[in-house]
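# Coordinates only, no sequence provided:
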């Protein structure tokens, strides 16, 4: 039973990942990301991490992907990307080679770790079963890791403030970003289109 | 057939690799961000499965913090993308090689 659930959700996760990799349209890529994230949530359930499974669905599928979709809609960048052209020569073969290297190193490191020198079972924070997972996780977070939890609160506040500062519209028309290949004389005031609404 | 921790670790490694290859191949900054999310998911899966194998709650605690950092990273990253795209519509990452506004 466990093996069947694992295989089905592994297929869902990997096909979603391939979808993100190969989808021409960013909206489709975002929906494939939801598929992959749901598969990982099922695997968390299989590992008795019930709280994290719920958080995975709520935060990833419910917040992060929706944020992606909001940005796609806001910017109107949902045009299909032409995947046939390869802008940098040899980029894709090199990416496949690097990917094979990453797969080899991570696989060997992870599989050696099973029962290896790092395989000493810890005793300070015992893992409960699926029923009291949320309670045990909450106790661990708010006793042993309470300082880190407070720091994440600070981190989230800084992120929100940073996002607001980044997308704030300044007074006056927006200047186009400088192009690397463009000569300095093409960046004059004459050819700057007035894209912003101003103050 | 018993599902051992090695199955989860293999799946995590494959998922991480797919995310990394996507990050290297794709040029749309939004899709590149999604590939980063895939890599974070793979790491989360590895944390939870190793925590399960060792009987330790620390793996799940780490995943909690990874989730928070991922949320903050997405907020800031999408803010940067919005700020860039407003000025240069349809920009890919290859166009953005100058680090000044």
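Sure thing, it's come through. Since the structure is predicted, the reported quantities are computational estimates derived from the model, not experimental observations. Numbering: from 1, shown residues only, chains lettered A, B, ... in the order given.
# Please parse chain A into its domains.
Domain assignment for chain A by automatic domain parsing gives A:1-84, A:86-120, A:132-173.
# looking at the ones you listed, which one has the lowest mean pLDDT?
Looking at the domains of chain A, the lowest mean pLDDT belongs to domain A:86-120 (a mean of 79).
# show me where pLDDT drops low in chain B?
B:89-91, B:97-101 (pLDDT under 70).
# what's the longest helix in it?
If you go by DSSP state H, chain B has its longest helix at helix B:58-87.
# Do that one and chain A come into contact?
Yes - using Cβ under 8 Å from any Cβ of the partner chain, helix B:58-87 comes into contact with chain A via B:58, B:60-61, B:63-65, B:67-76, B:78-87. Yep, even glycine has a C-beta here, placed from its N, CA and C like the rest.
# May I see the PyMOL selection of the buried members of those?
To isolate the buried members of those in PyMOL, using 16 or more other Cβ atoms under 10 Å in any protein chain shown:
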select buried, chain B and resi 58+60+61+63+64+65+67+68+70+71+72+73+74+75+76+78+79+81+82+83+84+85+86
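# Would you mark the buried spots in stretch B:52-60?
Neighbour-count burial for stretch B:52-60 [16+ other Cβ under 10 Å]: B:52-54, B:56-60.
# Pick the one among those residues closest to residue A:151.
Ranked by distance to residue A:151 (Cβ to Cβ), the buried residues of stretch B:52-60 are led by residue B:58 at 17.1 Å.
# Please look at that closest one and residue B:51 and confirm they touch.
Yes - assessed by Cβ atoms under 8 Å, residue B:58 is found in contact with residue B:51 at 6.0 Å.
# hmm, back to that, take the domains of chain A and lay them out in CSV including distance to residue B:31 and mean neighbour count.
As requested, the domains of chain A are exported to CSV (distance: least, Cβ to Cβ, whole Å; neighbours: other Cβ atoms under 10 Å in any protein chain shown):
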stretch, distance to residue B:31, mean neighbour count
domain A:1-84, 5, 18
domain A:86-120, 14, 13
domain A:132-173, 20, 14
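# Distance to chain B for those domains - can I get that in TSV?
Supplementary listing: those in TSV, determined by distance: least, Cβ to the nearest Cβ, whole Å:
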stretch	distance to chain B
domain A:1-84	4
domain A:86-120	4
domain A:132-173	4
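# quick one, what contacts the residue nearest to residue A:36 when sequence neighbours are not counted?
Spatially, and ignoring its direct neighbours in sequence, residue A:36 is nearest to residue A:16 (3.0 Å; Cβ to Cβ, 6 or more residues apart in numbering or on different chains). Contacts for residue A:16 (Cβ atoms under 8 Å, 6 or more residues apart in numbering or on different chains) come out as A:32-39.
# Quickly find the element holding residue A:16.
Assessed by DSSP states H and E, residue A:16 sits inside helix A:2-22.
# Heading C-terminal from that helix, find the next helix or strand.
Sequence-wise, the next helix or strand downstream of helix A:2-22 (DSSP H and E) is helix A:26-46.
# tell me the angle of that next one relative to helix A:2-22?
In terms of direction (axes from the mean of the first three to the mean of the last three Cα atoms, to 10 degrees), helix A:26-46 departs from helix A:2-22 by 160 degrees.
# And helix A:26-46, how far out from the chain middle?
Helix A:26-46 sits 11 Å away from the centroid of its parent chain (Cα atoms, centre = their mean, to the nearest Å).
# how big is the angle separating it from helix B:58-87?
Helix A:26-46 and helix B:58-87 are oriented at 170 degrees to each other (the same axes, to 10 degrees).
# Quick check: which helices or strands does the helix or strand that comes right after helix A:26-46 pack against?
Note on helix A:26-46: by DSSP H and E, the next helix or strand toward the C-terminus is helix A:50-55. Contacting helix A:50-55 under the criterion 3 or more Cβ pairs under 8 Å, 6 or more residues apart in numbering or on different chains; DSSP states H and E are the following elements: helix A:26-46, helix A:133-143, helix B:58-87.
# among the ones you listed, which is nearest residue A:65?
helix A:26-46 (5.2 Å).
# wait, doesn't residue A:106 sit right on residue B:18?
No - using Cβ under 8 Å as the test, residue A:106 is too far from residue B:18 to be in contact (11.8 Å).
# what's residue 29 in contact with, if anything?
Looking at chain A here, since you left the chain open. A:19-20, A:23, B:30-31, B:34 are the contacts of residue A:29 under Cβ under 8 Å, 6+ apart.
# right idea, wrong chain: chain B
Residue B:29 is in contact with B:81, B:84, B:91-93, counting by Cβ under 8 Å, 6+ apart.
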